[in-house]
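Any chance you can model this:
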Amino acid sequence: MTFDGEIPKQREERLLRLLDLGRSLTSELDLDAVLQHILETARTLTGARYAAVGILDEQRRGLAEFITSGASPEMAQAIGHLPRGHGILGLLIDEPEPVRLHDVSEHPRSYGFPLGHPPMHGFLGAPIRIGGEAWGNIYLTEKENGDDFDDEDVWAIVVLADWAAVAIRNARLFSSSEQRRNELERAVRGMEASADIALAVGGEADLSRILELIAKRARALVEADALLILLRDGDELRLASHAGNARPEPGVTAPIADSTTGRALTTQQPQRVDDVQAGLTVGSDRWGMPNAHSALIVPLVFRGTALGVLTAFDHIGERAEFDEEDERALRAFAASAATAVSAARTVEAQRLRDSVMAAEAERKRWARDLHDETLQGLGAIKLALSTVLRGDPAAGMDTVRGAIDQLDREIGGLREIITDLRPAALDELGLEPALRTLAVRITDREGLTLDMSFDLGDVRLPADVENAAYRITQEALNNVVRHAAARTVELAASCDGVALRLRVLDDGCGVHPETQTSGFGLLGMHERAVLAGGGVTVEPAGPDGVGTQVLLTIPLTPSRA
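Okay, the predicted model is just below:
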């Protein structure tokens, strides 16, 4: 086409419009928006009634997508399935060069149109090449004025196809970079979540708190509406913790056999369910999610043993279903979570064993005290009274009086044992009077010098805190009597509303490093402190190793202060 050195008016207008289009397309990074803009511009430039973009499949032998403009929803429904790249559309795929036809139905490659398709005669098509390779094609049909597509239309559509290639490439690069960024962000979130769990294992031994942390981190990792942790309990899976918008009944269970969650557990393979109503054998309403649409179930596996499953419901965001990336991220996280659960269970089991052993040691001590003192004393009284009955009652009055004195002593001993079991002063008067009574009774009996200081205020502390403080003090004072060979004992307790702090200090022979955390008595002290939410340390009182110091700290939350 030649124009004697001048640009025709029609081409000049189209050129200006194409330049405006280029500027707008280079700033648009959403591929769908780019394609719609291209189609609308193509119709405007050429006067075409219908326009479409066909996107080639990976083999470049057919169309993977077909996007249209100009056809009403009713027309699209009447046409039915979209073309796959046969007939005239296939001609452009096989020979990626511009094609212009007066009547598409007259071409040898024409297959005709399906029922419901509107009549189309004039046709114009041009390939879209990206990086020298065919990416797709632009198709135009039926000019509004009934004319054929002319040379100016061909020129405009070829230029438009070049602009389209640039814009599509930019959008694809942006989409690819966004995808990589999202993948990196998800990987970082996964590592952060796993690091949080690892730190929790090191600093937290309470299984319920670790499960709560796992549920919250896993939910955030896959952007779920709710996440539940189900742990194996015999032939069932039992709810152990949850986070998000689920409202399950506490401790709800489901059978492992013949259930989707059970299949994830037994096969140790994730289960992704896009339709909960059809894909879950145990309804989501059991887990407090009656309106759930999708689910992702990932097993918690530690050293080949499935401990339970993580169950996520409903992805939050543009898509309601979980994808392969969600599954991969949650599966990687579940490995760390399973380790944390196993470690916490081991600590919990050891804590229970230590508690049982400490309780058994206390029972042995009470049995020994009853046998060696009270029982033998009562036996001696029985023998003395039997002697009186066999002799002269008048001459046995001194023996009877001695028996009464012995009974008084045994009654006192039984009272001490009862006080050890549960001191009345602790229930009736509070922690400070109970500690004073305890310390005075033990030190007076053993001839120790006692120095006490208290700053507990007038507010009663929670029962479990007071009980732990009393028992730990009792065990610490008994250890002073049994092992320290001390002369003086100091007892100090204070509470500032933030924490209860208690100290027992003696000037005895000190504590050996190997026994600072061993022995049933010390294990019992540690167990009681942990159960009350605090901690206890047993260490030498000074740098020379003389004396022992027991320090107890129990933090007080606002609701417990």
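
Doesn't residue 278 lie inside a helix?
Yes - under DSSP: H, G, I helix; E, B strand; the rest coil, residue 278 sits within a helix.

For residue 254, name its beta-bridge partners.
In this entry, residue 254 is beta-bridged to residue 237, by DSSP bridges.

pretty sure it contacts residue 262?
Yes - between residue 254 and residue 262 there is a contact under CB atoms under 8 Å: 7.5 Å. Using the backbone N, CA and C atoms, a C-beta is placed for each residue, glycine as well.

Give the residues shared as contacts by the two.
Applying CB atoms under 8 Å, 6 or more residues apart in numbering, one finds that residue 254 and residue 262 are jointly contacted by residue 237.

The two: which has the busier surroundings?
The neighbour count for residue 254 versus residue 262, taken as other CB atoms under 10 Å, is higher for residue 262 (24 against 21).

Cross-check the contact I'm expecting between the more buried one and residue 232.
No - using CB under 8 Å, residue 262 makes no contact with residue 232, being 9.5 Å away.

what touches both of these two?
residue 256.

From the contact counts, what lies against the helix or strand that contains residue 505?
Counting by DSSP states H and E, the element that carries residue 505 is strand 499-506. Judged by 3 or more CB pairs under 8 Å, 6 or more residues apart in numbering; DSSP states H and E, strand 499-506 is in contact with helix 463-479, strand 488-495, strand 548-555.

mind checking which of these is nearest residue 331?
strand 548-555 (36.7 Å; CB to CB).

what sits up against that closest one?
465, 468-469, 472-473, 476, 479-480, 484, 498-506, 508, 510-511, 525, 529, 532-541.

Now do the contacts for the spatially closest residue to residue 56 that is not a sequence neighbour.
Excluding its sequence neighbours, the residue lying closest to residue 56 (CB to CB, 6 or more residues apart in numbering) is residue 136, at 5.4 Å. Going by CB under 8 Å, 6+ apart, residue 136 touches 53-56, 63, 127-128.

Please, which helix or strand holds residue 511?
Here residue 511 is assigned to no helix or strand, by DSSP H and E.

ditto for residue 126
Residue 126 belongs to strand 123-130, assigned by DSSP H and E.

Count the residues that sit near residue 492.
For residue 492, the count of nearby residues is 14 (other CB under 10 Å).

Quick check, it in contact with residue 503.
Yes - at 4.7 Å, residue 492 and residue 503 qualify as touching, with contact defined as CB under 8 Å.

What helices and strands are in contact with the helix or strand hosting residue 524?
When secondary structure is defined by DSSP H and E, residue 524 falls within helix 520-531. Applying 3+ CB pairs under 8 Å, 6+ apart, one finds that helix 520-531 contacts helix 324-369, helix 463-479, strand 535-540, strand 548-555.

Can you list the buried residues in that helix?
520-530 (16 or more other CB atoms under 10 Å).

Closest one of those to residue 48?
Taking CB to CB as the measure, residue 48 lies nearest residue 530 of those, at 78.1 Å.

Tell me how far the closest one lies from residue 551.
15 Å (CB to CB, to the nearest Å).

Let me see the domain layout of the protein.
Per the record, the chain has its domains at 9-176, 192-350, 428-561, by automatic domain parsing.

quick one: which of these has the weakest pLDDT on average?
The stretch with the lowest mean pLDDT among these is domain 9-176, at a mean of 75.

before we move on, back to that, could you point out which of the domains of the chain sits nearest residue 379?
Nearest of the domains of the chain (CB to CB): domain 428-561, 23.0 Å.

That closest one: how far from the chain's middle?
38 Å (CA atoms, centre = their mean, to the nearest Å).

Note down every partner strand of the helix or strand encompassing residue 297 and its orientation.
Per DSSP H and E, residue 297 falls inside strand 295-302. Sheet partners assigned to strand 295-302 using DSSP bridges are listed as strand 271-273 (antiparallel), strand 305-315 (antiparallel).

Which one of these lies nearest to residue 70?
That would be strand 305-315 among the strands paired with strand 295-302, by CB to CB, at 34.9 Å.

Identify each buried residue in that closest one, please.
Judged by neighbour count (16+ other CB under 10 Å), strand 305-315 contains these buried residues: 306-315.

how many neighbours does residue 545 have?
Neighbour tally, residue 545, other CB under 10 Å: 13.

Identify the residue spatially nearest to it, adjacent ones excluded.
Residue 545 sits nearest to residue 510 (CB to CB, 6+ apart), 4.6 Å away.

Surely residue 248 touches residue 229?
No - at 11.1 Å, residue 248 does not count as touching residue 229 under the criterion of CB under 8 Å.

before we move on, back to that, from the contacts of strand 548-555, which would you call buried?
Buried by 16+ other CB under 10 Å: 465, 468-469, 472-473, 476, 479-480, 484, 499-506, 508, 510-511, 525, 529, 532-534, 536, 538, 540-541, out of the contacts of strand 548-555.

Only the buried residues of stretch 55-64, if you could.
For stretch 55-64, by 16+ other CB under 10 Å, it's 55-56, 62-63.

likewise stretch 480-497?
Applying 16+ other CB under 10 Å to stretch 480-497 flags 480-481, 483-484, 486, 489-491, 493, 495 as buried.

Against residue 210, how distant is residue 343?
Separation of residue 343 from residue 210 (CB to CB): 8 Å.

just residue 56 next, same as before
Distance from residue 56 to residue 210, by CB to CB: 52 Å.

Bridge partners for the residue nearest to residue 457 when sequence neighbours are not counted, pull those for me.
Computed as CB to CB, 6+ apart, the closest residue to residue 457 that is not its neighbour in sequence is residue 495, at 6.0 Å. Here residue 495 sits in beta bridges with residue 500, as judged by DSSP bridges.

do the same with the one 10 residues further on
Taking DSSP bridges, one finds residue 490, residue 549 as the beta-bridge partners of residue 505.

so what's it up against?
So residue 505 contacts 489-492, 541, 547-550 (CB under 8 Å, 6+ apart).

What of residue 300?
Residue 300 touches 229, 231, 306-310, 334, 337-338, 341, counting by CB under 8 Å, 6+ apart.

and with 7 Å instead?
By CB atoms under 7 Å, 6 or more residues apart in numbering, the contact list for residue 300 reads 306-310, 334, 337-338, 341.

from those, which is closest to residue 433?
residue 341 (43.6 Å).

returning to that earlier point: tell me the gap between the very next helix or strand once past the strand holding residue 126 and the middle of its chain.
Next in sequence after strand 123-130, counting helices and strands by DSSP H and E, comes strand 133-143. Centroid separation for strand 133-143 versus its chain: 49 Å, with CA atoms, centre = their mean.

Could you figure out how far strand 133-143 is turned away from strand 123-130?
Put simply, strand 133-143 runs at 160 degrees to strand 123-130, going by axes from the mean of the first three to the mean of the last three CA atoms, to 10 degrees.

Quick check: buried residues in strand 133-143?
Buried-residue list, strand 133-143, by 16+ other CB under 10 Å: 135-143.

what's the burial count for residue 46?
Residue 46 has 23 neighbouring residues, counting by other CB under 10 Å.

any idea how far it lies from residue 455?
91 Å.

can you check residue 32 too?
Going from residue 32 to residue 455 by CB to CB gives 71 Å.

Now do the helices in the stretch 51-200 of the chain.
Ranges of helices in the stretch 51-200 of the chain, per DSSP state H, counting those that start in this stretch, are 73-79, 87-94, 151-203.
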